[in-house]
Every structure is written in C-alpha cells, then in structure tokens.
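Undergrad: No letters, just coordinates:
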C-alpha cells in the first residue's frame, strides 16, 4: 500500500488540463479511444521520510460516551470517562495531543495516520458525493451501489477518467480534508488526489485496491471562510478509479439516551470511538456482536483497525491515555503490550518490540530536558485495545502520565512536554521499524 503527500510550489500543467476538462457538466461514458488519448499520467515524486509506507492507527482515549453495564450491556449514563483533575481531562487531552502534536509529527516523518477519533474540531462537515452540485466527472464507466460507499453508491471511472469536487469552507478555521472510495483489486494502485487548500497544492497517491469504505486523510490547512477547497481525482491511466466522496470538517454526533429519550449532540472530535463508526466508515456489523450486544468502546477500536488494515499492510496501532492511581501516589510513563487471559493468548512479539522501542524513545526525548519525568517501565497488559485476541496489528498502549498527580498533570499540559513526547514516539517507531527490517 502506498500513501504519500507532496506539497508543490505551483499548479502542474496536468492539473490545469484536468480543471479545463472538468469545467463543464458531469460527463457520461467516453469511448476507449478518447480515454487512450489522455495517456499515462506521471506519478508525483514525493519526499520520502523514515516512516514512508507505514500506516499508523491511533486511538485517543476516551471521549464522551454512552456508558453501559459491563461496557456492552444496557446503557446507564452519558459523560466522560474521567473527571477533570488539576486542569486536565483525559478525554480532551488525549484527542488534542493526537490531533495537534503526535499525528503531525508522524506525518512529517512520512507515515499515514488514521485517527480513530476525529481530528477536525469543526462541528459541521461539508460532504460532496460522486455526483451533484460542485462535482464534475469524466469517463464514468458505471454507478456501483455498495453499503460501504458514502451515500450508498460510487462511480467507477474508466482508465484515464477523473473527478473534481468543490467544497466551500463555512468559516475561518483549521479544516481537514478526506476522501473515500470503494476498493477493487482491478483498480488503480496509483490513484492521485490533487488537493488545493488555500494557496497550497498537495498530491496524495493511494492504492485503490485496498482501504475502501472509510475516510482517508488528504491533509489540513487554516482556511478563510468562503474559500473553496478543490479536490481532483486522477490516476496512472492504466486502471479504473473509484470516485465516491470527499469531505471537509468533522461534524456532530447525535446520540439518543435510551434511559431519558433525550438526544444529545457533541462534535465528533469530542466523542468516544464507539460513536465514530458512522463517521469513520465501515460495515455496521463491526459494532454488533452475534448475540446482539453492542461492541464496547475499547473493543470496537481494535476491531475497526483490524478490519480497515488490509492483509500485508505495514501498520501499527497506538493507544494514547493518561493514568490514575485511585488515591495512591504514582506518577510517570508506563507502556504496555497486550496479552489475553480469555482465551489465554501470549503477546504478539511485534507488539513487545514496539512497546519497548516507543517507551525508550519517548522517555529519552522528554527526560533529556525534564529529568524529573518518572519511568515505570514496559509491562504486559490485559487490555482489549491491544489484546492479540482483538487486535491483529502490532499494538502498544501508552499511559503518558498520571492526571491525578499534580506534577504529572502540570507537565502533560505544557507544550514542551507534548513536543518532546511526540518527537520521542516517532523516534521509537522509526527504531522499531528498523529492527523489524533486520
């Protein structure tokens, strides 16, 4: 699987040609001869980093949640997992650290980041489907209906086909762009999304043979309200393309509280992963056990990531948390790799190596300027998120510090800590990747 982003200094001539073609109404099917006239489009060259080619699935715990008896039984309450202590609320801090610090650091190193909690804090989302206002297509082969498509359908484009979506930015702010397609082994392994975000042009190359049915990140930028985001799909010209939908903005989750029949709403960026399945994409069956019970928040995360990650993909799963000592005195960093007791299942050796590498990288990066940062080691943990029973990926869970310790809570909220921690996690993953390749 290949997914890369390049920032260009100007609009390439090929983009100008595409824009001119797509200026008219939605095109119907073109002849094979006309498709051949377009030829093969050069695949953009992108700057490679030490994590290029790696997909990192990140879970930020916890978020606003409809809590249930024993996690998957009857609903009993609505709220955050943790209380606010010393100015820090884990449910907010983890999401902010992932969105603002860790994910950008990983992306700068070349990784593709799939966040299981929405990174875009805007409470609205602008979505453009495969057809309609603000959409132009060229070389449509057929309309494919599928439950995994946004809106239930997507266009399949002939080789050399293209699509362009125009989205108006609702107001000034930081906006994230995403796209979605239906996968097919016959489709283009080098599909190209050209994204205009303000004055910036980016090109993202994806493999449309995999990762169908969920939103894929195309980058973010600070944009003025009323401006237009333009996203154009082209490809190598050698295989069909899937044109499903694009989106900017996070949107708002609506949750029915069965015990009061009240509908509550929170931006997707604030709610737990259990309420993100519709936003992320994927089959509804992932969220329901065969017995009919709802899959718990903590188990839904690894189930979804294991579904989304295709066989053979180079990937890792990170779970970001803060800890609590429940009245005892404790502080510092603890990193876990998963095992399971039901059924008894030993840890994945890849996860053990990942946990040690990330713990070492994170601690060393922080402690060099903050020697008071405590180190509690790498431990086995019987936690659903990283359990080898529930998670097929190499996975590790990071308890970054204790939010019920005054010094840790203060430390975690400083930008110096967040910068160093994000840098150290990246360095740890780079080391782990190198060790795995030996």
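TA: Alright, I've got the coordinates. Everything numeric here is computed off the predicted structure, so don't read it as measured data.
Undergrad: Can you list the neighbours in contact with the host helix or strand of residue 360?
TA: Element membership for residue 360, per DSSP states H and E: helix 349-367. The contact list for helix 349-367 (C-beta atoms under 8 Å, 6 or more residues apart in numbering) reads 316, 318, 333, 335-338, 373, 375, 377-378, 386, 388, 394-396, 398, 417, 420-421, 423-432, 435-436. The C-beta positions use only the backbone N, C-alpha and C, and glycine is treated the same way.
Undergrad: at 7 Å what do you get?
TA: If you take C-beta atoms under 7 Å, 6 or more residues apart in numbering as the criterion, helix 349-367 is touched by 316, 333, 335-338, 373, 375, 378, 386, 394-396, 398, 417, 420-421, 423-425, 427-429, 431-432, 435-436.
Undergrad: what comes up buried for that helix?
TA: 350-363, 365-367 (16 or more other C-beta atoms under 10 Å).
Undergrad: and what of stretch 148-167?
TA: 148-150, 153-167.
Undergrad: Skip the chain neighbours and tell me the closest residue to residue 427.
TA: Nearest residue to residue 427, sequence neighbours excluded (C-beta to C-beta, 6 or more residues apart in numbering): residue 361, at 4.1 Å.
Undergrad: What helices and strands are in contact with the lengthiest helix in the chain?
TA: Identified as the longest helix of the chain according to DSSP state H is helix 415-436. Secondary-structure packing of helix 415-436 (3 or more C-beta pairs under 7 Å, 6 or more residues apart in numbering; DSSP states H and E): helix 103-108, helix 349-367.
Undergrad: which residues does the closest residue to residue 62 other than its chain neighbours contact?
TA: Leaving out its chain neighbours, the residue that sits closest to residue 62 by C-beta to C-beta, 6+ apart is residue 81, at 3.5 Å. With contact taken as C-beta under 7 Å, 6+ apart, residue 81 is in contact with 62, 65, 90-91.
Undergrad: and what of residue 145?
TA: The contact partners of residue 145, by C-beta under 7 Å, 6+ apart, come to 152-153.
Undergrad: Tell me the spacing between it and residue 279.
TA: 21 Å (C-beta to C-beta, to the nearest Å).
Undergrad: What of residue 105?
TA: Separation of residue 105 from residue 279 (C-beta to C-beta) stands at 24 Å.
Undergrad: Tell me the strands beside the helix or strand that contains residue 78, with direction?
TA: Assigned by DSSP H and E, residue 78 falls within strand 75-79. When pairs are called by DSSP bridges, strand 75-79 turns out to pair with strand 65-68 (antiparallel).
Undergrad: any chance of the helices and strands packed on helix 415-436 in a markdown table, plus distance to residue 325 and mean pLDDT?
TA: Listed next are the helices and strands packed on helix 415-436 as a markdown table, based on distance: least, C-beta to C-beta, whole Å; pLDDT from 0 to 100:
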| stretch | distance to residue 325 | mean pLDDT |
| --- | --- | --- |
| helix 103-108 | 28 | 97 |
| helix 349-367 | 19 | 98 |
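Undergrad: okay, the ones you listed in TSV with distance to residue 238 next?
TA: Compiled in TSV, the helices and strands packed on helix 415-436 are given as follows (distance: least, C-beta to C-beta, whole Å):
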stretch	distance to residue 238
helix 103-108	28
helix 349-367	34
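Undergrad: Just want the most central residue of this structure.
TA: The centroid of the chain falls nearest to residue 114 when counting by C-alpha atoms, centre = their mean (2.0 Å).
Undergrad: give me the beta-bridge partners of the closest residue to it other than its chain neighbours?
TA: Counting by C-beta to C-beta, 6+ apart, residue 114 lies nearest to residue 57, which is 4.9 Å off, once chain neighbours are set aside. Counting by DSSP bridges, residue 57 forms beta bridges with residue 114, residue 317.
Undergrad: Residue 57 and residue 113 touch, don't they?
TA: No - taking C-beta atoms under 7 Å as the definition, residue 57 is not a contact partner of residue 113, at 8.2 Å.
Undergrad: Setting the sequence-adjacent residues aside, check what's closest to residue 95.
TA: Spatial nearest neighbour of residue 95, chain neighbours left out: residue 60 (4.6 Å); criterion: C-beta to C-beta, 6+ apart.
Undergrad: Do you know the pLDDT at the one you found?
TA: pLDDT recorded at residue 60 is 96.
Undergrad: Can you list the low-confidence ranges for the chain?
TA: Counting by pLDDT under 70, the low-confidence segments of the chain come to 1-41, 437-438.
Undergrad: Does the strand with the most length in it pack against any helices or strands, and if so which?
TA: For the chain, the strand with the greatest residue count under DSSP state E is strand 153-168. Judged by 3+ C-beta pairs under 7 Å, 6+ apart, strand 153-168 is in contact with helix 13-21, helix 32-38, strand 125-128, strand 135-145, strand 228-234, strand 241-243, strand 245-249.
Undergrad: can you state the direction angle for it and strand 245-249?
TA: Relative orientation of strand 153-168 and strand 245-249, computed by axes from the mean of the first three to the mean of the last three C-alpha atoms, to 10 degrees: 40 degrees.
Undergrad: sorry, back to before: among the contacts of residue 81, which one lies nearest to residue 412?
TA: Nearest to residue 412 among the contacts of residue 81: residue 90, at 9.4 Å, using C-beta to C-beta.
Undergrad: tell me the contacts of that closest one?
TA: Counted by C-beta under 7 Å, 6+ apart, residue 90 has contacts 61-62, 81-82, 321-322, 403.
Undergrad: Adding secondary structure and distance to residue 42, write the residues you listed out as CSV.
TA: Formatted as CSV, the contacts of residue 90 follow (DSSP: H, G, I helix; E, B strand; the rest coil; distance: C-beta to C-beta, whole Å):
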residue, secondary structure, distance to residue 42
61, coil, 43
62, coil, 45
81, coil, 49
82, coil, 50
321, strand, 44
322, strand, 47
403, coil, 50
